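Peer 1: sequence and predicted structure are below.
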Amino acid sequence: MDRLLLVANPAASGFTGGLHRTICRILSRRWEVHPAWPQSADHARALTAEAVQAGCPLVVATGGDGIVHHVAQAVAGTETVLGIIPVGTTNVYARLAGLPRRPSAAAKMLASGYDVSPTPVVWVTAESGDGNAARWVTLFALGVGHDAEIVRRAEAEPYRKYRFGSLHYARTAVATVWSELRRVPLRLHLEGDGVETDTAGLMVQFHDTYTFFGRAPLRLGPRGGPPMTVLAIDALRLRRTPVILRRILAGDGMQGVKGIRVWSGVRRLTVRAEDPVLTQADGELRAAWRKLELRYVPDGLAVATPPSPTG
């Protein structure tokens, strides 16, 4: 019986001890389950890295997008497969992968049979300007400036996130635009495939990305899929919110919205800032950086997905 590492975030919305025992019982039909309870994001990555080095074929992240993001840091670029049991608030990445929404159904899929799907990622190399550097993998979206500030404010009130979920993110976004982000200087310089401009904020996606505001997918460009779609935010105005909401509900891109510019088909992008700027990746806050190098990798992560229909 193959070994499986089950990395759980007990702070995830909807997580209970009873649910965890049920998941372990289902997975044990096929796997030798080794539960792990990381104490921090770094601990989650370290536990996963140990399992990968030991040849563990499958590491399962149980929780929301946060624990999935941190586990993926040690799984991306290896032969180990990432499994996901969604138990969080919005579970964006689980939706993108087409996984069952109920945790027990996702566990049954991992126990009974699944496909291994090569999935795109974006590798990010960051420099602070004072000698500090970091490297991480992004699974579905990255934001610099405006977008990261919205995430920072939403995460500052975790109790509202657990209680109100997507509504909390939407409320925070509107409040942040109204109070802080209406007049932000053009402090970022973007340079990449067909892109060279100065802007105030940046969003990057490489899937038909579901937002943290609900199930309606936010497509930045005329198509949201790979490689990267880059959205430069020069100015955000509250009065443009109805236009943006209509485009989200219609599944259209953001091109044509005043104060926003969009490029598609980008494989590499360099972001430079005069001063360190806050960054978010997959809804997880990162430190403030002065330079980011983004590289699209089409098959950078192996993900356990529902089996293809047969016959």
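Peer 2: Happy to help now that I have it.
Peer 1: from here on, just use CA atoms for contacts and neighbour counts.
Peer 2: Fine.
Peer 1: the helices in the stretch 151-300 of the chain, which residues?
Peer 2: Listed in chain order, the helices of the stretch 151-300 of the chain (DSSP state H, counting those that start in this stretch) span 158-164, 166-179, 241-250.
Peer 1: where does pLDDT dip in the stretch 201-311 of the chain?
Peer 2: Scanning the stretch 201-311 of the chain for pLDDT under 70 picks out 210-217, 222-225, 235-256, 310-311.
Peer 1: what about the strands in it?
Peer 2: Using DSSP state E, counting those that start in this stretch, the strands of the stretch 201-311 of the chain run over residues 201-205, 228-233, 260-266, 268-281, 284-305.
Peer 1: since we're on E127, how many residues are nearby?
Peer 2: E127 has 18 neighbours, counted by other Cα atoms under 10 Å.
Peer 1: low-confidence ranges, the stretch 51-200 of the chain, go.
Peer 2: For the stretch 51-200 of the chain, the stretches flagged by pLDDT under 70 are 149-186.
Peer 1: how does it look with 50?
Peer 2: Scanning the stretch 51-200 of the chain for pLDDT under 50 picks out the ranges 163-164, 168, 178.
Peer 1: so where do the strands sit in it?
Peer 2: 58-63, 81-86, 115-127, 133-138, 141-144, 188-192, 195-199.
Peer 1: how far away is V87 from L99?
Peer 2: Separation of V87 from L99 (Cα to Cα, to the nearest Å) stands at 12 Å.
Peer 1: let me redo that: E274
Peer 2: Note on E274: its distance to L99, by Cα to Cα, is 41 Å.
Peer 1: likewise L27?
Peer 2: Taking Cα to Cα, one finds L27 at 16 Å from L99.
Peer 1: before we move on, what about V303?
Peer 2: According to Cα to Cα, V303 stands 10 Å off from L99.
Peer 1: cool, and N9?
Peer 2: Relative to L99, N9 is positioned 18 Å away (Cα to Cα).
Peer 1: one more: Y114?
Peer 2: With distances taken as Cα to Cα, Y114 is found 10 Å from L99.
Peer 1: comparing these two, which shows the higher neighbour count?
Peer 2: Using other Cα under 10 Å, the more surrounded residue of Y114 and L99 is L99, with 21 against 16.
Peer 1: the more buried one contacts P306, correct?
Peer 2: Yes - using Cα atoms under 8 Å, L99 is in contact with P306, at 6.4 Å.
Peer 1: nearest residue to G55 other than its sequence neighbours?
Peer 2: Nearest residue to G55 in three dimensions, chain neighbours excluded: T80, at 7.5 Å (Cα to Cα, 6 or more residues apart in numbering).
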